[in-house]
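The amino acid sequence is not available; the structure is as follows:
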């Protein structure tokens, strides 16, 4: 299991993640990205999310291993 | 070949130096990833992707004051928000953020398509045409001016001001300053003409009603915003559209691929932005002694983040000088990064994508009508239309 999030201290609103995985990333009114609660936990990250991670100009998308509790 | 070798002390990223700047980057990278140029009063230049990224994440060390523009854009007034450091920067920038989110930009999509299509139709009618004057320049001028609230009757004045301020400033600063003062006067009058007028749906309205720290913006602050938006909104996008067409005119295979499958265009645009970046470098001022890639840089020294070099850094990209329209991992620096990330990047990207969609949809196969046309700038781009 992995947990997906956006580090809001790094995100600057480039919105590249939206271009790759619009079904996973959402944006606030100032254009900063976040991952809605129901999209945070994954067994395996979809390919488009991996691309979003690789293309984020601020390296702000955080993928952390999490063990099921 | 000898005349292509650039001594680091002569390094520049403006004007004719841009003709061979990609070869220059290759050479400098081998000699000195951080070097010192004597141009423009002297500056350190950073060419490594990682160094540029790290500097942008550290605005306390690499501040923008007195200006990230070097040489000046026809004025010594600090431009809001790009020439302002934290903490003031944060609130100044926040005023504009909601206007340039993906959601806000999406609302402009239909208008963008319509404008681009009309302009492309005029290109399609010719045999040999200047696609810069007919398409690449007017499209962003129309789209941004409508968004900003710059009246249509004034648009014909804009290109000359931009040429003088952005493209003449290195060789002819007097001309840049003269145009700069005309642009300031223009916005001074425009802002005054808006006083007491009914509410409008544009950027000027947002700015004139905005509050920063519980107060309205002053007239001078409004002027500074307008001046920056004018230069930032029109020129860079025109360059990006023009340079994309410049590449496609010489690469019929890529042109055909994009024409046949428009879904490939957004990725191709990223690649054009990476390799043919409209903003090749932006300046900072070092706030404390520091070391970058082994090179000491002293407090007070000017430092240029050479985005164009970082975008072709072999440490960051495979075959960095190859333009691959389907490059999968394309984290680039064309819009900068960190707190000064280009505020209009979502708008600019969308404009270039729509421009190519409509151009390729309306205009037959095209090629360069004259060889040796510059890859850079917003000057003429003579295309031969039809096979």
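Arrived safely, thanks for sending. Bear in mind that the values here come from a model prediction, so they are computed numbers and not experimental data.

Which residue, other than its chain neighbours, is closest to residue A:8?
residue A:32 (6.3 Å; CB to CB, 6 or more residues apart in numbering or on different chains). All C-beta spots, glycine's among them, are computed from the backbone N, C-alpha and C.

Per-residue pLDDT of that neighbour, please?
We have a pLDDT of 97 for residue A:32.

Kindly report the same for residue B:1.
As predicted, residue B:1 sits at a pLDDT of 43.

For chain B, give me its nearest residue in chain A.
residue A:31 (3.5 Å; CB to the nearest CB).

From chain A, how far off is the residue nearest to residue B:242 when sequence neighbours are not counted?
In this structure, residue B:242 finds its nearest non-sequential neighbour in residue B:136, 3.9 Å apart by CB to CB, 6+ apart. Applying CB to the nearest CB, to the nearest Å, one obtains 23 Å for the distance of residue B:136 from chain A.

ok now do the residue nearest to residue A:8, which residues does it touch?
Taking CB atoms under 8 Å, 6 or more residues apart in numbering or on different chains as the criterion, residue A:32 is in contact with A:6, A:8, A:11, A:12, A:13.

ok, the residue nearest to residue B:242 touching residue B:377?
No - applying CB atoms under 8 Å, one finds residue B:136 not in contact with residue B:377, separated by 10.5 Å.

what's the overlap in contacts for the two?
In contact with both residue B:136 and residue B:377: B:239, B:242, using CB under 8 Å, 6+ apart.

ok, those two, which is more surrounded?
Legend: neighbour count by other CB atoms under 10 Å in any protein chain shown for residue B:136 and residue B:377, higher for residue B:136 (28 against 20).

residues in contact with the more buried one?
Residue B:136 makes contact with B:238, B:239, B:241, B:242, B:245, B:355, B:378, B:381, according to CB under 8 Å, 6+ apart.

if you set the cut-off to 6 Å instead, what comes out?
Residue B:136 sits next to B:238, B:241, B:242 when contact means CB atoms under 6 Å, 6 or more residues apart in numbering or on different chains.

Could you dump these into a markdown table with secondary structure, pLDDT and neighbour count added?
Below are the contacts of residue B:136 laid out as a markdown table (DSSP: H, G, I helix; E, B strand; the rest coil; pLDDT from 0 to 100; neighbours: other CB atoms under 10 Å in any protein chain shown):
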| residue | secondary structure | pLDDT | neighbour count |
| --- | --- | --- | --- |
| B:238 | helix | 98 | 27 |
| B:241 | helix | 98 | 30 |
| B:242 | helix | 98 | 28 |
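
which residue packs closest to the residue in chain B positioned nearest to chain A, ignoring adjacent ones?
Taking CB to the nearest CB, chain A has its nearest neighbour within chain B at residue B:101, 3.5 Å off. Closest residue to residue B:101 apart from its sequence neighbours, by CB to CB, 6+ apart: residue A:31 at 3.5 Å.

I'd say that neighbour and residue B:99 touch.
No - in this structure residue A:31 lies outside contact range of residue B:99 using CB atoms under 6 Å: 9.4 Å.

okay, those two: which has more neighbours?
Under the neighbour definition other CB under 10 Å, residue A:31 and residue B:99 were set side by side, and residue A:31 has more, 24 against 19.

State the distance from the more buried one to residue B:347.
11 Å (CB to CB, to the nearest Å).

in the longest helix along chain A, what's buried?
Longest helix of chain A, by residue count under DSSP state H: helix A:47-55. Within helix A:47-55, the residues scored as buried using 16 or more other CB atoms under 10 Å in any protein chain shown are A:49, A:50, A:51, A:52, A:53, A:55.

Tell me how far the fifth one lies from residue A:37.
Distance, residue A:53 to residue A:37, by CB to CB: 19 Å.

same thing with the last one?
Taking CB to CB as the criterion, residue A:55 is separated from residue A:37 by 24 Å.

residues from chain A in reach of chain B?
By the rule CB under 6 Å from any CB of the partner chain, the part of chain A lying against chain B is A:12, A:15, A:18, A:29, A:30, A:31, A:54, A:55, A:57, A:58.
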